[in-house]
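In: show me how the following folds:
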Amino acid sequence: MSITLQAPFALHGRNPDVLTCIANLSNDEVFTPPELAGRMLDLLAEAWAADHCGASLWADKTVRFLDPFTKSGVFLREITSRLTVGLAQAIPDLPTRVNHILTQQVFGIGITRLTSLLARRSVYCSKYANGTHSIAQGFTSEAGNIWFERTEHRWANGKCTFCGASQTALDRGEGLETHAYAFIHTDHIKTRMAELFGAHMQFDVIIGNPPYQLNDGGYGTSAAPIYQLFVEQAKKLEPRYLSMVIPARWFAGGKGLDEFRESMLADDRLRSIDDFLSASDVFPGVGLKGGVCYFLWNRDHPGLCDVNTHFKDWPISTATRPLMENGADIFIRFNEGLSILKKVMAAEQSVSQSVSQSEHALKLPESKRFDLLVSSRKPFALETTFKGRAIKKAGDLLIFQNGGTGYVARDSITANTELIDKWKIYVGRAAPGTGNRDTYPHRILSTPFIGEPGSICSETYLCIGPFDTQTEAESALSYLTCRLTRLLILLHKPSQDTTRKVYTFVPTQDWTKRWTDEDLYAKYGIAPHEIEFIEKVVRPMDLSSDLLGDVKVDESDDE
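Out: Reported below is the predicted structural model:
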């Protein structure tokens, strides 16, 4: 009898593990590899031991675990396996021990009917918890503790009031999944948990990998992030520990994420972040740009956060630090980049006449802000789809537009007319960046180029200036090609889109010379190991005559 009961737990250790072979539902609903689930559970166990005088999490028969968006059931399976070993002394009889774990300690919510069956098969060794082949003996229902029922969206003005999904895309009738995830489609999550699993249900650990985004009915294939809704809902349940793997785009905010970013970075219960610059290092074959991270939130033990950065075969970068640095409005993703940024800020603040500037704040004096030279999204109020005339007429302006150049009447331009007859720099707004490539080094910016007096641009470009002379414009252009300058942009650049805001950490310089990285390294006291980091992350941008003289439009990608 004991051999039969032990077999299901031995089988999952064989190679290959079947859960490593399952194709993902989509890039939005990604299955978790067993190896990643194991790493997250190891981190959780370490935190538990640190908070409980070295006690083992897996030897505690009272701890309750919840995966509120289970897909393959890998987290629940791995938890069950560890508890089966850890509780051997407390509950010696194996059938009794397994039954206790599955009926009293391990709980899940399926995100679709298919995944609920798959999760039950992974955990109970049967798609029905009360089936003949189930290793759990205490259930009267087919679902057991892995719940799923079809949930509907609440539509208002074409969108779901809970998750923002598009009614046009997801109001598809009874035959298809609604993707209305039960965990976030309620205003009263504690009441909802009591309805699903019984009254007074308090979970000690919530862990998993939530869905990432849903179609929001915007232009084209617009999709809005939803993973932040799962994090916020989980916090409302007040578990002791919360651990999730989610996209890393929230570090700098963005579409639907600004409030979430602010609340996360201000939360000193967020004690650990493992940041993977390349999502493929965690989810092989998944085209998820911008990287992913998993975090550990500790309700009862606040403090600084352990930030661990992973990328390919690079050594893991580790630092214990606050998530929100003084004066910064985003999370600084690179530990090495933070030390470089602090040197730049300290040097610029020391020469500033402003007495209100804190020497420790990551904020430039007003007189040194390069971002004030950078235009808004539409420098001359022309859409990226705007096309000028192919033939020049008398008095026309040259326009740099998507796909090349054209001509437009001067009197048709009504915005930022003071820039027209000045020297300036144009740089593509959609450019290679950390959020759009899983390879390093990046260029960070598309190739900038000089804009002579009498020229303008469409929304395809940002305009930097004005400069009174060609010499000043060439000096600023040389500065933008420096690796250190582009690293400072990268530290505030969460995606492919290059807006004025990404220049927040970039100081202005003396525009009477051509700048090189050697000049900047010397000015800011950048150490050899910091230079090595910069050159590993930022690709060179050749400073050649075509950048400083002839206009050259380069909107090619990073590769």
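In: now the residue nearest to I207 when sequence neighbours are not counted: how far from R271?
Out: For I207, ignoring the flanking residues on the chain, the nearest one in space by Cβ to Cβ, 6 or more residues apart in numbering is S243 at 4.6 Å. Every residue, glycine included, has its C-beta placed from N, CA and C. Distance, S243 to R271, using Cβ to Cβ, to the nearest Å: 10 Å.
In: now swap in V205 and tell me
Out: Noted for V205: a distance of 14 Å to R271, by Cβ to Cβ.
In: ok, back up a step: shared neighbours, S243 and R271?
Out: Counting by Cβ atoms under 8 Å, 6 or more residues apart in numbering, the contacts common to S243 and R271 are 296-297.
In: how about the helices in the stretch 401-550 of the chain?
Out: Along the stretch 401-550 of the chain, the segments classed as helices by DSSP state H, counting those that start in this stretch run 470-480, 483-490, 517-524, 528-537, 545-548.
In: what helix or strand is the residue lying farthest from the centre of the chain located in?
Out: Distance from the centre of the chain peaks at A394, with 49.8 Å (Cα atoms, centre = their mean). Per DSSP states H and E: A394 is located in neither a helix nor a strand.
In: which residue ranges of the stretch 201-350 of the chain form helices?
Out: Using DSSP H, counting those that start in this stretch, the helices of the stretch 201-350 of the chain run over 227-236, 258-265, 335-351.
In: check which residues of the shortest one are buried.
Out: Yep, that's helix 258-265 we're talking about. 260-261, 264-265 (16 or more other Cβ atoms under 10 Å).
In: repeat for the last one
Out: Applying a neighbour-count criterion of 16+ other Cβ under 10 Å, the buried positions in helix 335-351 are 335-345, 348-349.
In: quick one: contacts for S376?
Out: R500.
In: again, only using 10 Å
Out: Going by Cβ atoms under 10 Å, 6 or more residues apart in numbering, S376 touches 415-416, 459, 462-463, 499-500.
In: tell me the spacing between it and L488.
Out: Using Cβ to Cβ, S376 is found at 20 Å from L488.
In: buried residues in stretch 278-291?
Out: Buried-residue list, stretch 278-291, by 16+ other Cβ under 10 Å: 278-279, 281-283, 288-291.
In: can you put these in JSON lines and add distance to G303 and pLDDT?
Out: Formatted as JSON lines, the buried residues of stretch 278-291 follow (distance: Cβ to Cβ, whole Å; pLDDT from 0 to 100):
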{"residue": "S278", "distance to G303": "29", "pLDDT": "86"}
{"residue": "A279", "distance to G303": "28", "pLDDT": "87"}
{"residue": "D281", "distance to G303": "27", "pLDDT": "88"}
{"residue": "V282", "distance to G303": "26", "pLDDT": "88"}
{"residue": "F283", "distance to G303": "30", "pLDDT": "87"}
{"residue": "L288", "distance to G303": "30", "pLDDT": "75"}
{"residue": "K289", "distance to G303": "32", "pLDDT": "76"}
{"residue": "G290", "distance to G303": "27", "pLDDT": "79"}
{"residue": "G291", "distance to G303": "25", "pLDDT": "86"}
